[in-house]
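> Sequence and predicted structure, then a few things I'm wondering about:
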Amino acid sequence: MKKIFTSAAIALAMLFTANTANAGINFGVKGGLNVTSMSLNSEVFDASNRAGFFFGPTVKFTLPIVGLGIDASTLYDQREAKLTVGEAKTKETVKTQAINIPINARYSVGLGSVASVLFFAGPQFGFNVGDKNVDLGDDHNWKFRSSQFSVNVGAGFSFMNHFEVTANYNIACGKTGDATLSKTLSEAVSSATKDKGRANAWQIALAYYF
């Protein structure tokens, strides 16, 4: 976690100090919805998609090269998934709460004087601020990791010099959490696969820049 936090801090510091004299800087706010897909071993849990939300401050830098820029945000992010647990098919809701810091390289193409289409991609650093241990009953537990690294890929529209509407896919790199199973289920499921779980999400956002 310390390495991820240090990397994020260095990256943000570089954004604020590099070429600021020649770059256009705009601050704003961003919010939106996400649809989370939790990928879990089907012998352990069955998961369905659930909606969540995110919001927080954002900043974008327009670089001296035409069309290129960088944006960064600090977002409170809440995601949920509905799980079917064990042979009893018990329904449980798993919720994650995190502070996410996405840093994206972006390229914009003008569509006249008032609008442009943009494409972006970049890393995201996440830090868990919610419950780390979830009791799913029947001796089943889920433990979320303290930090998470993921990647965003997306596109959108910018218009009226203030508004942006974007859609992106957030891809988790590595496990989101670890499962602790009952003794019977642990023996039935391969130890190589029983504890793997990832939470990817489609995200739709609206940003307003001052």
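Received it, and whenever you're ready, just let me know what you need.

> contacts and neighbour counts: CA atoms only from here.
Will do.

> Tell me where the model's unsure across this protein.
Applying pLDDT under 70 to the chain picks out residues 1-23, 37-50, 81-92, 113, 133-143, 175-198.

> mind running it again at 50?
Within the chain, the ranges that satisfy pLDDT under 50 run 5, 15-22, 41-46, 182-195.

> Do a quick rundown of the strands in it.
24-40, 45-48, 50-62, 68-73, 75-85, 90-110, 115-128, 133-137, 140-144, 147-159, 163-173, 177-180, 197-209 (DSSP state E).

> Give the other helices and strands that the last one contacts.
If contacts are counted by 3 or more Cα pairs under 8 Å, 6 or more residues apart in numbering; DSSP states H and E, strand 197-209 sits against strand 24-40, strand 163-173, strand 177-180.

> got it, and the longest one?
Contact partners of strand 90-110 among helices and strands, from 3+ Cα pairs under 8 Å, 6+ apart: strand 68-73, strand 75-85, strand 115-128.

> Sheet partners, orientation included, of the first one?
Pointing back at strand 68-73 there. Strand 68-73 pairs in its sheet with strand 50-62 (antiparallel), strand 90-110 (antiparallel), by DSSP bridges.

> Also the longest one?
Each strand that pairs with strand 115-128, with its direction, by DSSP bridges: strand 90-110 (antiparallel), strand 147-159 (antiparallel).

> rewinding a little: what would the strands paired with strand 68-73 look like in a markdown table with mean neighbour count and distance to S146?
Output for these, formatted as a markdown table (neighbours: other Cα atoms under 10 Å; distance: least, Cα to Cα, whole Å):
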| stretch | mean neighbour count | distance to S146 |
| --- | --- | --- |
| strand 50-62 | 20 | 18 |
| strand 90-110 | 19 | 9 |
